[in-house]
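Undergrad: show me how the following folds:
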Amino acid sequence: MCAYVLVAEDDIKQAGIIGRYLEHEGHVPRLVHDGWSALEEVRRKTPDLLVLDVMMPVVHGLDVCRILRRESDLPILMLTARSTEEDLLRGLDLGADDYLTKPYSPRELMARIRSLLRRADRPSTAQESPVLRAGRLTVHPLRRTVFVSGAPVECTTAEFEILAAMAAEPERVFTRAQLLGVTRGSHHYITERTIDVHVMNLRKKIEPDPRRPVHLLTVYGVGYKLAHGSGEDRHGR
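TA: Numbering: from 1, shown residues only. Here you go, the predicted structure:
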């Protein structure tokens, strides 16, 4: 598929390299070199995917991610020279769909981009998938929409993949490793704690009280499950 990819990278040479690789794969890249320009470009013409460097001038990359997540479910792949788990989790917590630390192989970056574009692409001619329901939660896999008691809920790509997998099998206990595989597979620098972050963010969106979840429950020592019933008389942590 040919995609319009916005690359926000303050290193002009590095941005050019990414742009050439994208063109080689048949995509249309647009390069910007500061956070404010990234925001303006997304609002002018929404790309199919944003490659976003964390250490951006004018507006920091994490702030760009935070702002855009309030406005759009645009797939975001973040790039950073930082490699600590805390920084990785913070980016995911703000809504990034994937994370790549520098130095990285351009071929690995292209593979991540292909993966995100495949997950975001839903051909209009595809057969409608069954609607998934678990208590007050409704998930439309093809439309990639989520509702709680009829109210729409905005999810990142990774959050949606987790919720859709669990909604397809209510009451099944998923390990963190299994849920990590649902999102993007296991990478050497990502730990299973990332799933805890996604679950925490999902609880903020779908639970009446995230501190006392009734939908997305912890199964101690194993992982998580999605309760099949309404959960009005159940409490988990």
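
Undergrad: CA only for contacts and neighbour counts going forward, please
TA: Noted.

Undergrad: where's the residue sitting nearest the centre point of the chain relative to residue 148, distance?
TA: In the chain, the centroid-proximal residue (Cα atoms, centre = their mean) is residue 97; its distance is 2.8 Å. To residue 148, residue 97 is 22 Å away according to Cα to Cα, to the nearest Å.

Undergrad: for residue 79, what are its contacts?
TA: 51-54, 99-102 (Cα atoms under 8 Å, 6 or more residues apart in numbering).

Undergrad: am I right that it falls within a strand?
TA: Yes - assigned with DSSP: H, G, I helix; E, B strand; the rest coil, residue 79 falls within a strand.

Undergrad: and it, what are its bridge partners?
TA: Residue 79 forms beta bridges with residue 53, residue 100, as assigned by DSSP bridges.

Undergrad: hmm, back to that, so which of the contacts of residue 79 is the closest to residue 135?
TA: residue 99 (32.7 Å; Cα to Cα).

Undergrad: quick one: the residue nearest to that closest one when sequence neighbours are not counted and residue 44, what's the gap?
TA: Nearest non-adjacent residue to residue 99, counting by Cα to Cα, 6 or more residues apart in numbering: residue 78, 4.8 Å away. In this view, residue 78 and residue 44 are 21 Å apart by Cα to Cα.

Undergrad: before we move on, what about residue 54?
TA: The gap separating residue 54 from residue 44 is 21 Å, by Cα to Cα.

Undergrad: the two: who's more crowded?
TA: Per other Cα atoms under 10 Å, whichever of residue 54 and residue 44 has more neighbours is residue 54, with 24 against 9.

Undergrad: who's in contact with the more buried one?
TA: Neighbouring residues of residue 54 by Cα under 8 Å, 6+ apart: 60-62, 78-80.

Undergrad: format the residues you listed as JSON lines; extra columns: distance to residue 30.
TA: As requested, those are exported to JSON lines (distance: Cα to Cα, whole Å):
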{"residue": "60", "distance to residue 30": "19"}
{"residue": "61", "distance to residue 30": "17"}
{"residue": "62", "distance to residue 30": "20"}
{"residue": "78", "distance to residue 30": "16"}
{"residue": "79", "distance to residue 30": "16"}
{"residue": "80", "distance to residue 30": "19"}
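
Undergrad: show the buried residues in those residues.
TA: For the contacts of residue 54, a burial check counting by 16 or more other Cα atoms under 10 Å picks out 60-62, 78-80.

Undergrad: tell me the one among these nearest to residue 116.
TA: When these are compared for distance to residue 116 (Cα to Cα), residue 78 wins out at 12.0 Å.

Undergrad: OK, contacts around that closest one?
TA: Neighbours of residue 78 in contact, by Cα under 8 Å, 6+ apart: 51-54, 91, 96, 98-100.

Undergrad: and for residue 80?
TA: With Cα under 8 Å, 6+ apart, residue 80 has these contacts: 53-55, 99-102.
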